[in-house]
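Asker: heads up, no residue letters with this:
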């Protein structure tokens with residue numbers, strides 16, 4: 001796993017392994033810093049990209065169906081579709097890795 005908790009990413013409530021709603025982590029993929037945030041009661045992560053030079057984040061999309069064998073990336077930023085498609089495998093792999101970590105104690 002190469003993710004890191006996004007402790008200083010913003011001031012929103014953070015979740016925990018026991019309550020992943022609002023849980024955030026960051027990963028650097030393809031030279032860009034991405035933030036993943038758990039979606040309340042859903043098997044997906046919302047993804048935003050850091051825009052450090054503008055001191056803001058921008059929506060990239062979501063990794064969906066994390067509770068299946070076929071998770072997928074849905075991109076909502078039209079100008080980022082080509083970049084996201086080139087890095088989709090890594091973006092999804094990071095989300096799956098964290099999802100497995102979060103859901104380990106939730107089964108059974």
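Answerer: Ah, there it is. Just so it is clear, the structure is predicted and the values come from calculations on it, not from any experiment. Numbering: from 1, shown residues only.
Asker: report how many residues lie close to residue 79.
Answerer: Using other CB atoms under 10 Å as the criterion, residue 79 is surrounded by 8 other residues. Glycine gets a C-beta too; all of them are placed from N, C-alpha and C.
Asker: distance of it from residue 59?
Answerer: Residue 79 sits at a distance of 12 Å from residue 59 (criterion: CB to CB, to the nearest Å).
Asker: equivalent analysis for residue 92, please.
Answerer: Separation of residue 92 from residue 59 (CB to CB): 17 Å.
Asker: the bottom helix or strand of this protein by mean pLDDT?
Answerer: One helix or strand of the chain scores below all others by mean pLDDT, DSSP states H and E: strand 4-5, with a mean of 48.
Asker: any idea which helix or strand comes after that one?
Answerer: Downstream of strand 4-5, the next assigned helix or strand under DSSP states H and E is strand 24-29.
Asker: where does this structure dip in pLDDT?
Answerer: Regions of the chain meeting the criterion pLDDT under 70 cover residues 1-22, 54, 105-108.
Asker: run through the bridge partners of the residue nearest the centre of the chain.
Answerer: Nearest residue to the geometric centre of the chain (CA atoms, centre = their mean): residue 36, 2.4 Å. Note on residue 36: beta-bridge partners by DSSP bridges are residue 25, residue 47.
Asker: how far off strand 24-29 does the helix or strand where residue 82 lies point, in degrees?
Answerer: Per DSSP H and E: residue 82 is located in helix 81-103. Inter-element angle recorded for helix 81-103 and strand 24-29: 140 degrees (by axes from the mean of the first three to the mean of the last three CA atoms, to 10 degrees).
Asker: just the buried positions in helix 81-103, please.
Answerer: Residues of helix 81-103 classed as buried by neighbour count (16 or more other CB atoms under 10 Å): 83, 84, 87, 91, 92, 93, 94, 95, 98, 99, 102.
Asker: any chance of CSV for the residues you listed, columns distance to residue 65?
Answerer: Formatted as CSV, the buried residues of helix 81-103 follow (distance: CB to CB, whole Å):
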residue, distance to residue 65
83, 22
84, 16
87, 18
91, 14
92, 10
93, 14
94, 15
95, 10
98, 15
99, 10
102, 15
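Asker: this completes my enquiry, with thanks.
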